[in-house]
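Undergrad: give me a model of this one.
(chains A, B and C)
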Amino acid sequence: MKDIYRGTLVRLVVESPEVMSKMFVRWDHDTEAHRLADSDPAQLWSEKWMKEFAEKRLEKESDQAFRFWIRTLAEDKLIGDVSLWVNSWTHSEAWIGIMIGERDFWGKGYGTDAMRLAVQYGFTEINLRRISLGLHAYNLRALKSYEKVGFKMEGTMRQEGLRDGQRYDGYYMGILREEWFAMQGGGS
Amino acid sequence: MKDILKGELVRLCAVDAEELARAYTVWNRDSELARLFDSGAARLHSTKGIKEFIEKEIEEESPAHHLFTIRALDDNRLLGDINLDVINWGARDSFVGIGIYNRADWGKGYGTDAMKVILRFAFTEINLRRVTLTVFEYNPRAIRCYEKAGFQHEGRVRGALLRDGKRWDNLYMGILQEDWMKETRVLPELALATQ
Amino acid sequence: MLDIQTQLFEAQDVCFGPIDHEAHPEIESKWTHDAEFMRLMELKPVRPLSPAMVKKQYESIEKQMEEDKNLFYLTIRACADDRLIGKAVIEWIEWTNGNGYLRLGIGSAEDRRKGYGTQALKMLLRYAFGELNLYRVTAVVPAYNEGAIRLFQKFGFVEEIRRRKALNRDGEFWDIISFGLLNSEWREQTNGRG
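TA: Presented below is the predicted three-dimensional model:
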């Protein structure tokens, strides 16, 4: 059995609320990072609030959410998070989202490696049929990364968002189980 | 799209906690029935207690748990209940349990028909890969019913039950989606779609 | 004659101990991050756990032990320094039938292949059969866990159930095997010496 948490640059981990709240507060300050990842308005929450939020989520999170944080293999540094949300067990389909909060690790393959690990987990441990994601059209780095992982463009939500007086589209991508296994070289 | 909850002799229906609880209280006093259905010690429960238990079960509304009552197609009579519980979404494996409450209704094919309906539900609506069940070795009627529905024997837990000073085995049976597809000759397109 | 002198919780190199709510969550959290190990033990999709999540699990385990009385959870320690090296569990006990399920695992790779599993299983069986007086125990193992299969077979467990293709991992299908051992079989093997 493979160790499916370990990639070539990063590994997937789960950390306690105290650890995560510190990182979220740090990453929240970088509004470029936030605006690449999120549609919500950039906001600054206290560490106390973040910790309580994470603890509350721990209580009632359903078994349909698979949250991982990303640590670099070399420096063991926490750089972001990646999560899968199963929209429907009966249809075996999930949503995936990733955020690299440490900008020093952008454009170097860390996000792609983490995405590959999460997609591999989705197809070889929870055995999904397809994984979907959305991104802002202005996030070209993410688009390239997702294409490398194997996601295909499936549609555009025209003028989905508005920031700094500019409208931007939302891109939607998906990857199917057969496509992913074919990329790995057979099996299903 | 077929009405997948309808069989040839029975249909699977929603649970009315009050009605089901009342039926349970009656058959529950028949210890032969209790000992066919349950591995725990036979016990007598009040309607109130059973009703609260059932209400908690159905209140959850999870895609992993399905509880139906079994009703006769001809006169809509309550015959029993059947439940399907997904035990592992990763493996798409589940457990099924069935009970027909009245001896007068035994041996008439109701159980086998209800089993066939739940298997179709499991494999074409919930898209499961496996359905597992356990049955006590001293329940040959049920064992035959499950064999007819397509379950294969997968083993036995030796001496799992102690009743009246004697040891009995608990049998495991299972059916795979691929076996069921072949047996019921489901259309190839449908077979592909549920992969 | 009743042998109360031979310790139930002590073997040559390993001992059984209680849960340490302060020190153990961190250690067990690390084990859960080793997917290779977890996939040997866990039949449901594996997930890594934070120390906070492990702590919560410990609390609900002790609650279940107290309220339902159908679970016995033991930590495996190295006798030398009391270090946590694994866990041994007897669960889903049906007292009226005398049945239980066994589970055990050595958490970190450095502690495996040293015979600790054998020592722990020996203690666990004596506890199940000689102290809890169970009639039989069951161990459920994925077909690819050859180490566990060999260990149980060594102790005389018999393969009883094979649930076909009950696991789906890495794009392949695997059977889940149930092994069973009766009290009488165990007693015969150990000649009542335990």
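
Undergrad: when you work out contacts or count neighbours from here on, use the C-alpha atoms and nothing else.
TA: Will do.

Undergrad: how many other residues sit next to the residue of chain B found nearest chain A?
TA: With C-alpha to the nearest C-alpha, the shortest gap between chain B and chain A falls at B:G90, namely 4.3 Å. A count of neighbours around B:G90, defined by other C-alpha atoms under 10 Å in any protein chain shown, yields 24.

Undergrad: OK, contacts around it?
TA: By C-alpha atoms under 8 Å, 6 or more residues apart in numbering or on different chains, B:G90 lies in contact with A:125-127, C:44-45, C:167-168.

Undergrad: apart from its chain neighbours, what residue comes closest to it?
TA: A:I126 (4.3 Å; C-alpha to C-alpha, 6 or more residues apart in numbering or on different chains).

Undergrad: confirm that that neighbour sits in a strand.
TA: No: under DSSP: H, G, I helix; E, B strand; the rest coil, A:I126 falls outside any strand and is assigned coil.

Undergrad: residue in chain B with the shortest distance to chain C?
TA: In chain B, no residue comes nearer to chain C than B:G155, which is 4.1 Å away by C-alpha to the nearest C-alpha.

Undergrad: for the residue in chain A that chain B sits nearest to, what are its contacts?
TA: For chain A, the nearest residue to chain B under the criterion C-alpha to the nearest C-alpha is A:I126, separated by 4.3 Å. The contact partners of A:I126, taken as C-alpha under 8 Å, 6+ apart, are B:89-91, C:45.

Undergrad: dump those residues to TSV, plus secondary structure.
TA: Shown next, in TSV, are the contacts of A:I126 (three-state DSSP):
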residue	secondary structure
B:W89	coil
B:G90	coil
B:A91	coil
C:P45	coil
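
Undergrad: now, of these, which are buried?
TA: Buried members of those, counted by 16 or more other C-alpha atoms under 10 Å in any protein chain shown: B:89-91, C:45.

Undergrad: could I get the residues you listed in TSV, plus columns for pLDDT and distance to A:L143?
TA: As requested, the buried ones among the contacts of A:I126 are exported to TSV (pLDDT from 0 to 100; distance: C-alpha to C-alpha, whole Å):
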residue	pLDDT	distance to A:L143
B:W89	90	31
B:G90	89	29
B:A91	90	32
C:P45	91	29
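
Undergrad: how many neighbours does residue 76 have?
TA: All of this refers to chain A. 11.

Undergrad: that's the other chain; I wanted chain C
TA: Using other C-alpha under 10 Å, C:I76 is surrounded by 28 other residues.

Undergrad: if I look at it, how far off is chain A?
TA: Applying C-alpha to the nearest C-alpha, to the nearest Å, the value for C:I76 to chain A is 24 Å.

Undergrad: now that residue, which residues is it bridged with?
TA: Note on C:I76: beta-bridge partners by DSSP bridges are C:F16, C:G86.

Undergrad: list the contacts for it?
TA: By C-alpha under 8 Å, 6+ apart, the contact set of C:I76 is C:14-17, C:84-88, C:106, C:120.

Undergrad: picking up where we left off before, phi first, then psi, for the residue of chain B closest to chain A.
TA: Note on B:G90: its backbone torsions stand at phi -60, psi -40 [degrees, to the nearest 10].

Undergrad: equivalent analysis for the one 10 residues further on, please.
TA: Taking degrees, to the nearest 10, you get phi -110, psi 120 for the backbone angles of B:I100.

Undergrad: now C:P45
TA: Backbone dihedrals for C:P45, given as degrees, to the nearest 10, come out at phi -50, psi 130.

Undergrad: you'd agree it is up against A:F123?
TA: No: the pair formed by C:P45 and A:F123 falls short of the contact definition of C-alpha atoms under 8 Å, at 11.1 Å.

Undergrad: which bits of chain A sit near chain B?
TA: If contact is defined as C-alpha under 8 Å from any C-alpha of the partner chain, the residues of chain A in contact with chain B are A:89-91, A:125-127, A:129.

Undergrad: quick one, which of those are buried?
TA: Judged by 16+ other C-alpha under 10 Å, buried ones among the residues of chain A next to chain B: A:89-91, A:125-127, A:129.

Undergrad: want to throw those into TSV with pLDDT and distance to C:Q57?
TA: What follows is these, written out as TSV (pLDDT from 0 to 100; distance: C-alpha to C-alpha, whole Å):
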residue	pLDDT	distance to C:Q57
A:W89	86	24
A:T90	83	28
A:H91	86	30
A:E125	93	22
A:I126	93	22
A:N127	93	25
A:R129	94	31
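
Undergrad: what segments of the chain are strands?
TA: Since no chain was named, I'll use chain A. Counting by DSSP state E, chain A forms strands over residues A:10-13, A:65-72, A:78-88, A:93-100, A:130-136, A:152-163, A:166-176, given from the N-terminal end onward.

Undergrad: could you do chain B instead?
TA: Taking DSSP E as the test, the strands found in chain B are B:10-13, B:65-72, B:78-88, B:93-100, B:130-136, B:152-163, B:166-176.

Undergrad: longest helix in chain B, please.
TA: Longest helix in chain B by number of residues (criterion: DSSP state H): helix B:110-124.

Undergrad: let me see the mean pLDDT of that one.
TA: Summarised as a single mean, pLDDT over helix B:110-124 is 94.

Undergrad: quick check: angle from it to strand B:166-176?
TA: Here the directions of helix B:110-124 and strand B:166-176 differ by 40 degrees (axes from the mean of the first three to the mean of the last three C-alpha atoms, to 10 degrees).

Undergrad: what does chain B put close to chain A?
TA: B:63, B:89-91, B:125-128, B:195.

Undergrad: ugh, typo on my part, it should be chain C
TA: For chain C, the residues in contact with chain A under the definition C-alpha under 8 Å from any C-alpha are C:33-36, C:39-40, C:45-53, C:168-172.

Undergrad: so the residue in chain C that chain B sits nearest to is in which element?
TA: Proximity to chain B, evaluated over chain C using C-alpha to the nearest C-alpha, is greatest for C:I161 at 4.1 Å. Under DSSP states H and E, the secondary-structure element containing C:I161 is strand C:158-169.

Undergrad: same for that strand, what does it pack against?
TA: Counting by 3 or more C-alpha pairs under 8 Å, 6 or more residues apart in numbering or on different chains; DSSP states H and E, the packing neighbours recorded for strand C:158-169 are strand B:152-163, strand B:166-176, strand C:172-182.

Undergrad: tabulate these (CSV), appending mean pLDDT and mean neighbour count.
TA: Supplementary listing: those in CSV, determined by pLDDT from 0 to 100; neighbours: other C-alpha atoms under 10 Å in any protein chain shown:
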stretch, mean pLDDT, mean neighbour count
strand B:152-163, 94, 20
strand B:166-176, 95, 19
strand C:172-182, 96, 20
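
Undergrad: check contacts around the nearest residue to A:E18 once chain neighbours are set aside.
TA: Take A:E18 and drop its neighbours on the chain: the residue closest to it by C-alpha to C-alpha, 6+ apart is A:K51, 5.8 Å away. For A:K51, the contacting residues are A:17-18, A:20-21, by C-alpha under 8 Å, 6+ apart.

Undergrad: can you rerun that using 7 Å?
TA: A:K51 is in contact with A:17-18, A:21, counting by C-alpha atoms under 7 Å, 6 or more residues apart in numbering or on different chains.

Undergrad: out of those, which sit inside helices?
TA: If you go by DSSP H, these have A:17-18, A:21 in helices.

Undergrad: quick one: buried ones out of the residues you listed?
TA: Buried among the ones in helices among the contacts of A:K51 by 16+ other C-alpha under 10 Å: A:17-18, A:21.

Undergrad: buried stuff in the helix or strand of chain A with the lowest mean pLDDT?
TA: Taking mean pLDDT, DSSP states H and E as the measure, chain A has helix A:47-60 as its least confident helix or strand, at a mean of 85. Taking 16+ other C-alpha under 10 Å as the neighbour-count basis, helix A:47-60 is seen to contain the buried residues A:47, A:50-51, A:54-55.

Undergrad: dump those residues to JSON lines, plus distance to C:I76.
TA: As requested, the buried residues of helix A:47-60 are exported to JSON lines (distance: C-alpha to C-alpha, whole Å):
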{"residue": "A:E47", "distance to C:I76": "37"}
{"residue": "A:M50", "distance to C:I76": "36"}
{"residue": "A:K51", "distance to C:I76": "32"}
{"residue": "A:A54", "distance to C:I76": "31"}
{"residue": "A:E55", "distance to C:I76": "29"}
